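Visitor: Build me a model from this:
(one chain, ligands or ions: 1)
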Amino acid sequence: MGCSPSALLEQIHKGSSASLDKVEKCGGIKKSPPVTNSVTTATDTVVSVNSISRGPSKHGKLLSMPFNPFRRELGRGVLHHRKSSLALTPEEEPFDINRGPNETKYGLISPTPKHNLKLLLVFVHPDPVCDAFSKAADKLGFEITISSTNPGALEEYNSKFHDLVLVDTRVKHFDNDLLCRSIRNTKGSQHSVIISIVRKSAFERDDISIASLLESGFNRCILESTNVLVCVNELILLKHCDMRTIAQHATCQAMYTALDKCRDLVIVTDDSYKFQYINAACEKQLGLRQEDTLGKTLQEQLVYDTVQINTMSSSLLRGREWSGPMTLKRKSTQEALVSSCRSVPFSCAGRLPTHFILVFDPNPIDPNLLSQSRGSIHSIRRGSTDVRSISSDYLRRTSLAKLNALPLEAPITKVIGLIDQIRENLGTNTQLIQLIDKVEDILKSSELYVSYVKEDYKMRVDEPVVSDLITALLSKTPQPSITASSRRSSNDSSVFRPSRTGLIKAPVALRELLDSALTWEFDIFKLEDLSRKRPLQHLGMSLFNHFDVGTTLNCDDRTLSNWLTVIEANYHAENWYHNSTHAADVMQATAGFLEKERMKSIMEPLDEATSLIAAASHDLDHPGKSSAFLSNSNNPLAILYNDVTVLEQHHAAMMFKLTLGDERVNIFKNLDRDTYKLARHNVIDMILATEMTKHFEHLAKFVNVFCARNSGTSEMIDSGHSEDYSPILNQENTTLVKRMMIKCADVSNPTRPLRLCVEWARRIAEEYFQQTDDEKSRGLPVVMPMFDRQSCSVPKSQIGFVDYIINDMFEAWHAFIDMPELLSYMRQNYIRWKEFDEQGHTTLIHIQKLQATLLSPAVSCISKSD
Ligand SMILES: Nc1ncnc2c1ncn2[C@@H]1O[C@@H]2COP(=O)(O)O[C@H]2[C@H]1O
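Guide: Just a heads-up that it's a prediction; the model follows:
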């Protein structure tokens with residue numbers, strides 16, 4: 001589009017902040033009723049302004065512009081203290097950051113834009129009124145000429161072309177009408193404002209002399225005054241209303257001339273698409289005549305498809321520009337043509353758009369070009385218009401082009417690029433094109449997974465205890481933490497103190513137990529017992545050895561052992577659930593997963609090492625309280641992490657702080673910079689993935705990539721192992737696997753043998769109950785009221801946990817990693833929880849009794865010694 005007529009039009013309307021109220025030749029942009037020459041008193045505060053359109057313009061289309069100078073001045077202080085924003089020239093206009101969108105500054109065309117305003121005072125007898133106006137003009141920086149004779153005044157005017165002429169008409173010393181007519185007959189006088197000063201009494205009777213004054217060419221009559229301030233006020237009004245309007249008039253003339261000469265097709269409508277103006281190119285190319293279009297709508301005359309209009313309206317009515325192809329009909333031939341359209345809303349008054357400007361490219365879009373990629377063109381040829389698809393295609397193309405031009409390579413840009421390629425090859429299959437369009441629209445959403453959780457999932461939870469649990473786990477409520485002092489356990493230390501014996505030599509029973517460290521039935525509670533609550537130290541070293549982590553990190557055993565010691569010391573032994581036994585359990589599960597063939601084929605040694613490290617430290621320094629509790633207690637950690645992923649951020653940060661804080665525990669010290677960076681990234685990413693509020697996001701991403709070929713996870717499970725899908729194993733997908741792995745390890749307890757599963761359930765329930773107790777005693781909001789030790793049904797909570805969190809995740813995970821034992825334990829345990837519930841074994845006491853009887857072999861290892 002060559003020159004930018006829409007911008008030109010905007011200049012006129014926005015710059016003037018005025019409404020264009022009259023199009024003489026053929027109607028036009030209407031907003032306010034036309035006003036006539038009028039009279040104001042110098043003491044009036046509200047000013048009505050006369051029309052200054054004198055004589056038909058060349059194009060005959062415009063205009064007079066009523067304008068309230070106070071509109072933008074209210075609340076801005078005394079006018080003469082600053083340059084007014086109602087400037088006559090662009091240079092005068094100050095930069096105003098508070099300017100609204102409809103008040104955008106544009107220059108006004110003015111014959112002599114930069115000069116000081118020139119005032120001619122015509123007073124036969126200079127008197128106090130003359131004096132007052134003279135002083136006022138001086139204050140405003142006008143260049144003043146005073147004349148006391150008629151011919152003298154004319155001569156002065158002819159030599160200086162004053163912007164403003166004030167004629168004392170109170171006494172008929174000479175023919176005021178004649179003077180005014182003579183000035184008006186001077187070439188260029190249309191740029192001058194001529195004002196008659198009349199007596200106060202002139203308005204008290206029906207004075208026909210006023211009418212005759214206006215008739216002879218005076219713009220306005222104002223009242224005599226000897227008060228300088230009143231005169232200042234009057235002159236300001238004259239400057240900003242009358243004189244500015246002249247400049248606006250000139251600007252409009254210029255702009256409309258430009259519009260009539262430009263090649264683009266320009267249409268101005270009101271907000272109901274009634275024609276207000278069409279330019280010459282529009283008349284010529286579309287076979288329309290301005291006269292015929294007046295009062296008619298765009299739909300009646302030009303655009304027949306309301307869908308197109310509606311699409312455009314949704315943007316315009318919200319004050320936004322719109323662009324897209326539009327199918328127009330040539331009046332003369334009834335031929336349809338598709339033209340690229342840009343439309344802009346603007347407002348003459350108020351905030352809502354009052355008018356729309358539509359600018360069409362003069363070169364119609366070649367329908368064949370559209371048909372090459374979209375089936376929709378066939379409908380255009382037939383005369384009907386599948387505009388929605390054309391339009392969306394056009395927008396897609398432009399947005400894609402923009403996207404491609406950006407120096408970005410996000411997965412979504414790649415995907416959208418691929419989708420576009422697919423669309424290009426779909427030929428005329430409109431159904432598939434529509435599907436692809438839908439897919440693209442959905443993918444463009446930034447909340448791809450979150451909304452699924454919000455909308456659908458939680459609503460299905462009807463059991464109160466489950467609802468409490470799921471809401472607490474999944475809700476993105478802030479996650480503060482407890483105070484630093486209470487975070488330390490009695491034996492912990494953030495600085496490593498080397499043990500005198502160096503590497504710990506495990507007793508035989510413990511070593512024997514560790515021989516089974518890679519089995520899914522591994523008895524972690526026995527390890528807790530045998531290791532005297534240092535399971536992480538022993539199991540960790542054993543697993544590090546097994547996976548040769550020392551070699552991968554180029555790190556000696558002592559440092560690895562020291563690291564485990566420090567990490568374990570920074571778990572809170574007093575926590576029922578989130579202690580180092582849980583860390584060891586997660587590490588053990590991770591090791592079990594890493595042993596599987598599928599994982600071995602994916603994981604590099606550094607992946608294995610960092611996965612074990614992440615598992616061991618994933619809940620480091622956990623305060624034993626849920627995120628919601630911590631949020632409500634305004635803990636410094638919540639402040640530090642701005643309530644976002646507080647605990648997980650802290651676990652990860654704490655791990656690096658401890659590790660890097662002492663060379664003797666720094667297991668990364670021998671890595672080169674790049675490897676360290678990668679290791680650090682891996683560990684942080686995995687720890688952060690354990691945040692439950694992102695549970696479904698991680699699960700869905702994993703399922704999308706690794707289970708996508710099958711219609712659902714259950715199908716994959718039932719059909720056994722899925723050799724049939726092999727997603728690309730790039731770094732991004734490996735990351736998804738590692739996230740899923742640590743997530744599954746983190747909540748694997750319901751998939752362990754019943755004895756272990758029940759003990760974990762008891763421990764987590766105990767931790768939740770303690771939280772509820774704490775909340776009550778501290779007067780904090782009770783986050784999970786159903787987790788009350790008196791009334792909570794532990795089996796119900798476990799059934800819900802499996803139903804809503806565990807089942808889908810482990811089905812998907814099994815489908816990937818091939819561990820049927822996960823599902824069989826999960827299902828057996830589930831049945832047992834149902835039985836316990838039916839039998840009324842619901843409270844912790846009941847569960848403990850069951851542990852002592854039914855689950856007795858583990859009794860000695862699973863009871864919690866202090
Ligand atoms: N058996 C369980 N019953 C209920 N909630 C559990 C169970 N196991 C784990 N969780 C919750 O799942 C969460 C996973 O992340 P966290 O380890 O931070 O905290 C864990 C517990 O809040």
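Visitor: Spell out, range by range, the strands that occur in the stretch 151-300 of the chain.
Guide: With DSSP state E, counting those that start in this stretch as the criterion, the stretch 151-300 of the chain has strands at 164-168, 193-198, 220-223, 265-270, 275-278.
Visitor: Repeat that for the chain.
Guide: Using DSSP state E, the strands of the chain run over 38-39, 118-122, 143-147, 164-168, 193-198, 220-223, 265-270, 275-278, 322-329, 336-346, 355-360.
Visitor: so which of those gets nearest the ligand?
Guide: Comparing those by their distance to the ligand (C-beta to the nearest ligand atom), the top pick is strand 322-329, with 47.2 Å. Quick note: C-beta positions are derived from backbone N, CA and C, even for glycine.
Visitor: List the pairing partners of that closest one within its sheet, with orientation.
Guide: As defined by DSSP bridges, the strand partners of strand 322-329 come to strand 336-346 (antiparallel).
Visitor: export the strand it pairs with as PDB, just CAs?
Guide: Only the C-alpha atoms of strand 336-346 are listed here, as PDB (Å, rounded to 0.1, in the frame of the first residue of the first chain):
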ATOM      1  CA  ALA A 336     -16.200 -10.600  -6.800                       C
ATOM      2  CA  LEU A 337     -12.700  -9.500  -6.000                       C
ATOM      3  CA  VAL A 338     -10.600 -10.300  -3.000                       C
ATOM      4  CA  SER A 339      -8.600  -7.400  -1.700                       C
ATOM      5  CA  SER A 340      -6.200  -7.100   1.100                       C
ATOM      6  CA  CYS A 341      -7.800  -4.800   3.700                       C
ATOM      7  CA  ARG A 342      -6.500  -2.900   6.600                       C
ATOM      8  CA  SER A 343      -9.000  -1.400   8.900                       C
ATOM      9  CA  VAL A 344      -8.500   1.000  11.800                       C
ATOM     10  CA  PRO A 345     -11.000   2.200  14.300                       C
ATOM     11  CA  PHE A 346     -11.000   5.700  15.600                       C
END
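Visitor: Next, report how far it is displaced from the centre of its chain.
Guide: Strand 336-346 sits 27 Å away from the centroid of its parent chain (C-alpha atoms, centre = their mean, to the nearest Å).
Visitor: low pLDDT regions in the stretch 601-750 of the chain?
Guide: Counting by pLDDT under 70, the ranges of the stretch 601-750 of the chain that qualify are 708-728.
Visitor: Based on its surroundings, how many neighbours for M740?
Guide: Counted by other C-beta atoms under 10 Å, the residues lying close to M740 total 24.
Visitor: Then I639?
Guide: 12.
Visitor: give me the low-pLDDT residue ranges for the stretch 301-450 of the chain?
Guide: Using pLDDT under 70, the stretch 301-450 of the chain drops low at 304, 366-410, 427-428, 444-450.
Visitor: Pull up the residues of it that are close to the ligand.
Guide: Taking C-beta under 6 Å from any ligand atom as the criterion, the ligand has no neighbours within the stretch 301-450 of the chain.
Visitor: go on, the chain?
Guide: 469, 473, 619, 690, 692, 746-747, 749-750, 760-761, 764, 797-798, 801.
Visitor: what about 5 Å?
Guide: Applying C-beta under 5 Å from any ligand atom, we find that the chain lies next to the ligand at V747, A761, I764, F801.
Visitor: mind putting those residues in JSON lines, neighbour count and distance to V359 included?
Guide: Output for the residues of the chain next to the ligand, formatted as JSON lines (neighbours: other C-beta atoms under 10 Å; distance: C-beta to C-beta, whole Å):
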{"residue": "V747", "neighbour count": "22", "distance to V359": "59"}
{"residue": "A761", "neighbour count": "22", "distance to V359": "68"}
{"residue": "I764", "neighbour count": "22", "distance to V359": "65"}
{"residue": "F801", "neighbour count": "23", "distance to V359": "60"}
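Visitor: now, which of the residues you listed sits nearest E838?
Guide: Distance to E838 across the residues of the chain next to the ligand (C-beta to C-beta) is lowest for A761, with 16.6 Å.
Visitor: which residues touch that closest one?
Guide: By C-beta atoms under 8 Å, 6 or more residues apart in numbering, the contact set of A761 is N749, P750, V794, S797, Q798, I847.
Visitor: burial count for the last one?
Guide: Summarising burial for I847: neighbours were counted as other C-beta under 10 Å, giving 22.
Visitor: got it, and the second one?
Guide: Residues near P750, counting by other C-beta under 10 Å, number 24.
Visitor: With the fourth one instead?
Guide: Residues lying near S797 (other C-beta under 10 Å) number 26.
Visitor: Spit out the contact partners of it.
Guide: Residues in contact with S797 (C-beta under 8 Å, 6+ apart) are V465, V466, L469, A761, A765, M786, F787.
Visitor: Farthest pair within these?
Guide: Using C-beta to C-beta, the contacts of S797 span at most 14.9 Å, a distance reached by A761 and M786.
Visitor: and the end-to-end length of stretch 219-230?
Guide: End-to-end distance for stretch 219-230: 19 Å, by C-alpha to C-alpha, to the nearest Å.
Visitor: ah, wrong one, I meant stretch 213-233
Guide: One end of stretch 213-233 sits 23 Å from the other (C-alpha to C-alpha).
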